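Colleague: sequence and predicted structure, then a few things I'm wondering about:
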Amino acid sequence: MIETGLVRLLASPLPALAGKRLGLLCNQASTAPCLRHARDLIAAAPELNLTCLFSPQHGFFSEKQDNMIESGHSRDSVTGLPVFSLYGKTRRPTPAMFAHLDVLLVDLVDVGTRVYTFLYTLAYCLEAAAEFDREVVVLDRPNPIGGDLIEGNILRPDCQSFVGLYPIPMRHGLTLGELALFINQEYKIGARLRVIPMKGWQRRMFFSDTGLPWVFPSPNMPSPATALVYPGQVLWEGTTVSEGRGTTLPFELVGAPYWEHGPILERLRRNRLPGCIFRPLVFEPTSGKWAGEACRGFQIHVVDEVLFRPYRTSLALLQAIMQLYPGQFKYKPPPYEYELERLPMDLILGDQQLRLGLEAGTPVQELESGWQADLAEFDRLRRGYFLYSD
């Protein structure tokens with residue numbers, strides 16, 4: 001069994017935390033393997049003094065369904081502590097919030113993908129900690145899609161947003177603790193930061209190898225299988241195609257009423273897409289895009305986690321839809337994650353030129369070859385922050 005940073009903190013509290021007021025950035029997925037919540041366990045530890053809670057996007061209980069659905073501040077009914085929302089009127093901690101703490105503990109389940117906003121909530125907390133002279137302690141957890149494989153283009157400065165603040169690829173291959181160390185140093189945030197690493201985790205591990213229970217960190221991340229496809233399937237958020245929200249298999253399902261299985265599969269055969277099977281089906285979302293309408297599409301079944309390339313796979317499917325249905329395929333217009341003018345697809349892709357290349361019909365693997373040098377440089381940089389090996 002993997003020991004997470006939370007488990008290790010509880011087993012051996014840091015002497016440096018004695019007498020300190022502790023905040024905790026978490027949500028309902030922040031549990032120990034016994035499924036007891038981190039705030040309950042930390043509040044019950046006699047050596048630790050928990051004074052406030054913080055929640056990221058989707059709310060403390062991961063109850064808010066979609067982007068730009070805010071949650072307000074509240075009071076935790078279990079501990080009586082204030083809960084400060086970092087996805088509400090502000091996404092940055094204020095001086096008044098940080099006045100409640102000396103040290104901010106961070107215990108969040110990340111999913112290994114650049115656009116997942118928990119990373120940027122952590123980044124804003126690091127900036128606030130540097131400004132207000134507080135310490136941040138990250139209780140590390142597994143990257144559910146592994147720490148070996150990286151994939152995708154590097155985000156360009158003109159595509160920066162709350163779904164991409166730093167020049168990293170779509171699949172970054174780092175744990176949240178490693179990411180914190182990386183961005184704090186590489187982008188000169190300069191916060192006082194320490195990471196309590198896991199015990200027993202290895203970079204080659206997928207979530208199925210950890211022996212840990214999965215607790216969904218956001219409402220449309222119900223299983224580790226969702227996390228596997230998410231680095232590619234999140235692209236559909238920038239379109240009017242259904243990414244499966246409003247079904248029991250978000251991101252694993254994709255489709256629209258105008259899709260036709262045969263022509264799409266024929267087009268996909270032009271690409272090398274190992275490790276997965278596109279299973280044709282029809283689904284009817286109960287909410288969101290195409291709610292109440294029959295969508296022809298696919299469930300993406302990952303049959304080999306090591307060979308599967310989620311970003312390449314979804315880029316190839318996206319380009320096929322662009323080419324087959326030019327009159328029906330449409331991009332989602334702004335706003336998206338508080339960006340009111342820029343095209344959501346560009347923010348998600350992280351590079352407008354990539355979108356233009358897809359539209360021009362440039363083969364996906366040719367586009368991939370264009371970012372390999374940047375990806376190799378990112379790989380070199382990230383290795384300086386590894387806390388784990390095989």
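Modeller: Good, I have the coordinates.

Colleague: where along the protein do the strands fall?
Modeller: 21-25, 49-55, 74-75, 82-85, 103-106, 135-139, 192-196, 253-256, 276-283, 295-302 (DSSP state E).

Colleague: quick one, which of those strands gets closest to R171.
Modeller: With CB to CB as the measure, strand 295-302 is the member of the strands of the chain nearest R171 (13.6 Å). In short, each C-beta sits where N, CA and C put it, glycine included.

Colleague: S314 and G232 touch, don't they?
Modeller: Yes. S314 is within contact range of G232, at 2.9 Å (criterion: CB atoms under 8 Å).

Colleague: these two - which one has more neighbours?
Modeller: The neighbour comparison of S314 against G232 (other CB atoms under 10 Å) goes to G232, with 28 against 25.

Colleague: contacting residues around that one?
Modeller: If you count contacts by CB atoms under 8 Å, 6 or more residues apart in numbering, G232 has them with 170, 309-315.

Colleague: out of the residues you listed, which sit inside helices?
Modeller: 310-315 (DSSP state H).

Colleague: redo the residues you listed as JSON lines? Include distance to Y258 and pLDDT.
Modeller: Listed next are the ones in helices among the contacts of G232 as JSON lines, based on distance: CB to CB, whole Å; pLDDT from 0 to 100:
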{"residue": "P310", "distance to Y258": "24", "pLDDT": "98"}
{"residue": "Y311", "distance to Y258": "25", "pLDDT": "98"}
{"residue": "R312", "distance to Y258": "24", "pLDDT": "98"}
{"residue": "T313", "distance to Y258": "21", "pLDDT": "98"}
{"residue": "S314", "distance to Y258": "18", "pLDDT": "98"}
{"residue": "L315", "distance to Y258": "20", "pLDDT": "98"}
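
Colleague: quick one: which of the residues you listed has the most company?
Modeller: Neighbour counts for the ones in helices among the contacts of G232, by other CB under 10 Å, peak at P310, which reaches 29 neighbours.

Colleague: what's the closest non-adjacent residue to it?
Modeller: Counting by CB to CB, 6 or more residues apart in numbering, G232 is the residue found nearest to P310 once chain neighbours are left out, at 3.7 Å.

Colleague: so how far is N49 from that neighbour?
Modeller: Separation of G232 from N49 (CB to CB, to the nearest Å): 43 Å.

Colleague: now swap in S314 and tell me
Modeller: 45 Å.

Colleague: kindly report the same for P285.
Modeller: Per CB to CB, P285 is found 46 Å from N49.

Colleague: dump the residue contacts of P263.
Modeller: Under the criterion of CB under 8 Å, 6+ apart, the contact list for P263 reads L324.

Colleague: swap that for F54, please
Modeller: Each residue near F54 by CB under 8 Å, 6+ apart is listed here: 23-26, 83-86, 93, 97, 104, 125.

Colleague: per-residue pLDDT, the nearest residue to it once chain neighbours are set aside?
Modeller: Spatial nearest neighbour of F54, excluding adjacent residues (CB to CB, 6+ apart): L25 at 4.2 Å. Looking at L25, its pLDDT is 98.

Colleague: please look at L25 and A123 and confirm they touch.
Modeller: No. Using CB under 8 Å, L25 makes no contact with A123, being 11.7 Å away.

Colleague: enumerate every residue touching D351.
Modeller: The contact partners of D351, by CB under 8 Å, 6+ apart, come to 153-156, 159.

Colleague: and with 10 Å instead?
Modeller: Listed by CB atoms under 10 Å, 6 or more residues apart in numbering, the contact set of D351 reads 152-156, 158-159, 164, 357, 367, 370-371.

Colleague: now swap in C52 and tell me
Modeller: 21-25, 76, 79, 81-84, 97-101, 104.

Colleague: just the buried ones from the residues you listed?
Modeller: The neighbour count (16 or more other CB atoms under 10 Å) marks 22-25, 76, 79, 81-84, 97-98, 100-101, 104 as buried among the contacts of C52.

Colleague: okay, now the domains of the chain?
Modeller: Taking automatic domain parsing as the criterion, the chain consists of the domains 5-213, 224-359.

Colleague: closest to R380 out of the ones you listed?
Modeller: Here domain 5-213 is closest among the domains of the chain (CB to CB), at 11.2 Å.

Colleague: all the helices of the stretch 201-350 of the chain, residue numbers only.
Modeller: Ranges of helices in the stretch 201-350 of the chain, per DSSP state H, counting those that start in this stretch, are 224-233, 261-268, 310-324, 344-349.

Colleague: thinking W236 is in contact with L318, fair?
Modeller: Yes. The criterion here is CB atoms under 10 Å, and W236 meets it with L318 at 7.7 Å.
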